[in-house]
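> okay, here's the prediction I keep looking at, along with the sequence it came from:
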Amino acid sequence: FVQANAIVEEILPGMMGYQTFQTNAMLIDDEWCRFFKDVKATVGISLDGPQRFHDKNRVTRAGKGTFDAVIRGMETLRRHCVDFYVITVLDSDWLQVPEEHLAFAETHGINRLCFNVEETDGLNVSNTLGKAETPLLARRFFDTVMAAMSRPGNNVWVREIADMMAFIE
């Protein structure tokens, strides 16, 4: 990445713009953080909330949950003051407990959230979208998130809410 960044800078001096990296954060270390800071990158972390949700689908090749490693990577980014946000895949279980997600984010100092609803893609076979209750659960989830965002003192930014508000304005 350092070499690729240098090549782009050589070809397009001053035109780099900004870079965003999406990662599971398991291998984030001091060296990565220095690179992210040098190129003024924003980092997206795939983190599906508390361990019981995250480790359900995010496992190593050996089948071990990755939650602890992701939290360590997130803390390393924070220690180096590297800007990051969290993307969470919402499945049917997650859609039922929006308050738990917000509490988890607050506990872990996560104030920039993005939500992707689980989908059927490639080898991932999902039952979330096919369930009759999914639209109602999704509405309740986002109603709860919007209500939390409107509370005084709230400092949480949610991509989907921000995008919707920009569209309305």
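Looks like it came in fine.
> how far away is the nearest residue to R58 once chain neighbours are set aside from E75?
Using C-beta to C-beta, 6 or more residues apart in numbering and skipping the chain neighbours, the partner closest in space to R58 is T66 (4.9 Å). C-beta coordinates here come from the backbone N, C-alpha and C atoms, glycine included. In this view, T66 and E75 are 14 Å apart by C-beta to C-beta, to the nearest Å.
> who has more neighbours out of those two?
Per other C-beta atoms under 10 Å, whichever of T66 and E75 has more neighbours is T66, with 21 against 14.
> quick one: residues contacting the residue nearest to T60 when sequence neighbours are not counted.
In space, and not counting its chain neighbours, T60 is closest to T66: 6.1 Å by C-beta to C-beta, 6+ apart. Remark: with contacts taken as C-beta atoms under 8 Å, 6 or more residues apart in numbering, T66 is in contact with 24, 26, 54-55, 58-60.
> are any of the residues you listed buried, and if so which?
Neighbour-count burial within the contacts of T66 applies to 26, 54-55, 58; the criterion is 16 or more other C-beta atoms under 10 Å.
> out of the contacts of T66, which is nearest to G14?
Nearest to G14, judged by C-beta to C-beta, of the contacts of T66 is N24 at 32.0 Å.
> kindly state the pLDDT recorded for the residue nearest to that closest one when sequence neighbours are not counted?
The shortest distance from N24 to any residue that is not its chain neighbour, by C-beta to C-beta, 6+ apart, is 5.1 Å, and that residue is S46. Per-residue confidence at S46 stands at 95 (pLDDT).
> and if you look at the one 5 residues further on?
The per-residue pLDDT reported for Q51 equals 93.
> so it sits right up against G65, yeah?
Yes. Using C-beta atoms under 8 Å, Q51 makes contact with G65 at a distance of 6.7 Å.
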